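Undergrad: sequence plus the predicted model coming up.
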Number of protein chains: 2
Amino acid sequence: MTVGTGQRIRLTPDERRAQLLDLGVRLLADRSLDELSIDLLAEEAGISRGLLYHYFGNKHAFHEAVVRRAVDDLVAQTAPPGSGDALEQLAASMTAYVDYVVANHAGYVSLVKGAQGGNETLRAIYDEARGVLTDRIFTEDAQADLIPDTPATRLLVRGWAAMAEELVLSWVEEPNGVTRDELLRLLAGSLPALVVAAAPD
Amino acid sequence: MTVGTGQRIRLTPDERRAQLLDLGVRLLADRSLDELSIDLLAEEAGISRGLLYHYFGNKHAFHEAVVRRAVDDLVAQTAPPGSGDALEQLAASMTAYVDYVVANHAGYVSLVKGAQGGNETLRAIYDEARGVLTDRIFTEDAQADLIPDTPATRLLVRGWAAMAEELVLSWVEEPNGVTRDELLRLLAGSLPALVVAAAPD
């Protein structure tokens, strides 16, 4: 790979691998996993297919690595900012989630469908990410003020995460006049409302 | 097919087909669609495979017919009772939904996974059922008092339906000490709470 000046930069194998994964994630933004081939990555990276097989082993392992990287990005980008009260942090996190799905729509849909459709590797990565995203609600100090940690609220947050995913994917596909602000209100306002509704009398 | 007395009853082809579909749905209660073969149905019904092919054409068409029947049952069983106020009707409907998923767990999971995983036939049946179940919220007179019909509330109800599905399937798989009453409270209480949270200031 070359930089703007035309000079080659010597990267460590790990750096080169990370760079290739970043490229894979960018390519996944507007195509499904099925459409992301080793050939395409080789062409976009300007390196040989053989070298890619050297880095990733096979297509399956390549896809797994790209999806793991994409999911790591999702988790990192939607991390609560660490300042502000619980509701502000939740709103910031949900805003980042909407931005992520908008920017990476095809790949995200592909991950969700693949995971739900019985691809065991995708399922494991997806479940792990879902677990991190929902557990975070309970472990971040700020959110703990918002939601007591009980089996019922754990279940509720799982359901809420499924709702958030459905809301964002439906909205991106067909906004039907619903504005981004309205969507964000639904996303961030829903969790506190659900917690109140679920509380024992 | 025989009745208890051993006497054969002459059924019309439509009645016989309906009877076979009912049997298919019952078999689907505790096995996935992949496990529901023409052979199994033939054995359980005590008739020949050839006759089943006569009624259903092929395995794919057979599966489609069984799933349609199962989904029709779901829609019928979860119909609001038509008496009581909006919240009571919603609670009755959600109770019936939980009972349906508990009684037909394997088949329901199989439908959801198949639909989300890219089986186009299952996807179409699933989407249609989801549409009926959520549109009902807006067309039933009683519910109209509960929820104004706007693009934002239509989106919200889609999200809520995804949440309800996740809640029930997660709970059936691993209740974690959450009681059926707590689950029902989450299901029926969530929609009104969400509507309030989503309302413009």
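TA: Here it is on my side, so go on.

Undergrad: where does chain A dip in pLDDT?
TA: Filtered on pLDDT under 70, chain A yields the residue ranges A:1-8, A:140-145, A:201.

Undergrad: recalculate using a threshold of 90.
TA: Low-confidence segments of chain A (pLDDT under 90): A:1-14, A:28-34, A:59-60, A:80-90, A:107, A:109-123, A:132-149, A:196-201.

Undergrad: contacts for stretch A:25-35?
TA: Applying CB atoms under 8 Å, 6 or more residues apart in numbering or on different chains, the contact partners of stretch A:25-35 are A:36, A:40-41, A:44, A:63, A:66-67, A:69-70, A:73, A:103-107, A:109-111, A:114, A:122. (C-beta placed from N, C-alpha, C; glycine too.)

Undergrad: what residues of that stretch count as buried?
TA: A:25, A:27-28, A:33 (16 or more other CB atoms under 10 Å in any protein chain shown).

Undergrad: go on, stretch A:157-169?
TA: A:157-169.

Undergrad: what are the structural domain limits within chain A?
TA: Listed by automatic domain parsing, the domain ranges of chain A are A:13-61, A:78-198.

Undergrad: how long is the last one from one end to the other?
TA: Distances were taken as CA to CA, to the nearest Å; on that basis the terminal residues of domain A:78-198 are 25 Å apart.

Undergrad: circling back to that earlier point, and among the domains of chain A, the most buried is which?
TA: domain A:78-198 (a mean of 18; mean count of other CB atoms under 10 Å in any protein chain shown).

Undergrad: how far away is residue A:198 from residue B:101?
TA: For residue A:198, the distance to residue B:101 equals 19 Å [CB to CB, to the nearest Å].

Undergrad: now do residue A:147
TA: 25 Å.

Undergrad: once you drop chain neighbours, what's closest to residue A:74?
TA: Counting by CB to CB, 6 or more residues apart in numbering or on different chains, residue A:100 is the residue found nearest to residue A:74 once chain neighbours are left out, at 5.5 Å.

Undergrad: distance of the residue of chain A found nearest chain B from residue B:173?
TA: When scored by CB to the nearest CB, chain A has residue A:117 as its residue closest to chain B, at 1.8 Å. From residue A:117 over to residue B:173 the distance is 18 Å, taken as CB to CB.

Undergrad: again with residue A:157
TA: Taking CB to CB, one finds residue A:157 at 16 Å from residue B:173.

Undergrad: so the residue of chain A closest to chain B touches residue B:113, yeah?
TA: Yes. Contact criterion CB atoms under 8 Å: residue A:117 and residue B:113 qualify, at 6.3 Å.

Undergrad: near chain B, anything from the biggest helix by length in chain A?
TA: Longest helix of chain A, by residue count under DSSP state H: helix A:151-173. Yes. Helix A:151-173 is in contact with chain B by CB under 8 Å from any CB of the partner chain, via A:151-152, A:154-156, A:158-167, A:170-171.

Undergrad: what is that helix packed up against?
TA: With contacts taken as 3 or more CB pairs under 8 Å, 6 or more residues apart in numbering or on different chains; DSSP states H and E, helix A:151-173 sits against helix A:86-103, helix A:105-116, helix A:120-139, helix A:180-198, helix B:151-173, helix B:180-198.

Undergrad: packing partners of the first one?
TA: Okay, so that is helix A:86-103. helix A:59-77, helix A:141-144, helix A:151-173, helix A:180-198.

Undergrad: cutoff 10 Å now
TA: Judged by 3 or more CB pairs under 10 Å, 6 or more residues apart in numbering or on different chains; DSSP states H and E, the packing partners of helix A:86-103 are helix A:59-77, helix A:105-116, helix A:120-139, helix A:141-144, helix A:151-173, helix A:180-198.

Undergrad: can you report phi and psi for residue A:10?
TA: phi -80, psi 120 (degrees, to the nearest 10).

Undergrad: ok, it - how many residues close by?
TA: 6 (other CB atoms under 10 Å in any protein chain shown).

Undergrad: OK, contacts around it?
TA: residue A:16 (CB atoms under 10 Å, 6 or more residues apart in numbering or on different chains).

Undergrad: one step back: now render the helices and strands packed on helix A:86-103 as JSON lines, adding distance to residue A:95.
TA: JSON lines is the format used below for the helices and strands packed on helix A:86-103 (distance: least, CB to CB, whole Å):
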{"stretch": "helix A:59-77", "distance to residue A:95": "10"}
{"stretch": "helix A:105-116", "distance to residue A:95": "16"}
{"stretch": "helix A:120-139", "distance to residue A:95": "14"}
{"stretch": "helix A:141-144", "distance to residue A:95": "16"}
{"stretch": "helix A:151-173", "distance to residue A:95": "11"}
{"stretch": "helix A:180-198", "distance to residue A:95": "6"}
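
Undergrad: I am finished for the moment; much appreciated.
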